[in-house]
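*Asks:* Got a predicted structure here, sequence first:
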Amino acid sequence: MANNRALRKFGRNPLAVLGTVLIAVLVLAALFAPWVAPHDPLTMDLLNPYLSPGSPGFLFGTDNFGRDILSRLIYGSRISLLIGIVVVSIASFLGTILGMVAGYFGGVVDDIIMRLVEIFYAFPFLILAIAVIALFGPSIFNLMWVLGLVSWPLYARVIRAQVLSLRETDYVEAARAAGMGSWRIMFKHILPNSLTPIIVMATFGIPEAILASAALGFLGLGVQPPTPEWGVMISEGKDFIRRAPYLITWPGIAIMIVVLSFNFVGDGLRDALDPKQSDR
């Protein structure tokens, strides 16, 4: 019943529905990129028009190597979604485990984990990511695990707060009285009741990871050329901003659309799953 009510509230939010539709289109484009993209995104064809804003067969134009912009945008959605999902998976897993441990056991364990969180918060997010990637070298693998490792503190703090409010509830006390172990209580009774904030944070975390990867790609510390990634496309197009501004306009619009879409869905989920919100 509660799930049906939340679904109805989500469906009555036009921006959340719009975001869901746009994300679905993005996912389908990523999955079926070889069949949807009109050209190979890596092919540099000397017969193609160079720096053309649009011509027959090249709807969004071509770059300085004669590569189709639309095809590179479509294939770039694969990388952006992969980075967003993997980064959020790493961050939410680490943050959830450490947050549950800190909140449930408390004491010295809580102090150690929270001081670690504060250490991570003491460094600017992108500066820390840039430093680590510069140390280990730019690659999509390094980009994903670094962004995941610097993103977990937010999840840890939120889950810790959830656990602190749940560990003294009647059903948790009953589980302890029945002889159930701490880890079983955390994963069987506390974690299922903490999933709502995790889901909402994940919907906001994916666009943040995509933005961070695009920023690092623009700086040359993320995905490396000629891989079609939106931040890399903007970095490659900046040298031609006066002659061919569309080279940065189209990937910029793609980043804006995906970030707004996930934010719309996150706002919709937050309102729909919040029990304090009235069912209007």
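*Replies:* Ah, there it is. Just so you know, these numbers come straight off a predicted model, no measurement behind them. Numbering: from 1, shown residues only.
*Asks:* And the pLDDT for E208?
*Replies:* Listed pLDDT for E208 reads 88.
*Asks:* With Y75 instead?
*Replies:* On pLDDT, Y75 comes in at 92.
*Asks:* OK, contacts around it?
*Replies:* Contacts for Y75 (C-beta atoms under 8 Å, 6 or more residues apart in numbering) come out as A33, A37, P41, P228. For every residue, glycine as well, the C-beta is placed using N, CA and C.
*Asks:* The residue nearest to the last one when sequence neighbours are not counted: helix or strand, and which one exactly?
*Replies:* Using C-beta to C-beta, 6 or more residues apart in numbering and skipping residues adjacent in sequence, the residue nearest P228 is R72, 3.8 Å away. Here R72 sits within helix 69-105, counting by DSSP states H and E.
*Asks:* Please apply the same query to N64.
*Replies:* Using DSSP H and E, no helix or strand contains N64.
*Asks:* so where's the chain shaky on pLDDT?
*Replies:* 1-3, 45-49, 274-280 (pLDDT under 70).
*Asks:* So which residues of it form helices?
*Replies:* 2-11, 14-31, 33-36, 69-105, 107-122, 125-136, 140-149, 152-166, 170-177, 182-185, 195-218, 230-237, 246-273 (DSSP state H).
*Asks:* any idea how far H39 is from the residue nearest to P228?
*Replies:* In this view, R72 and H39 are 9 Å apart by C-beta to C-beta, to the nearest Å.
*Asks:* Which one of those two is surrounded by more residues?
*Replies:* R72 (27 against 19; other C-beta atoms under 10 Å).
*Asks:* List the contacts of the more buried one.
*Replies:* P41, D63, P228, M233 are the contacts of R72 under C-beta under 8 Å, 6+ apart.
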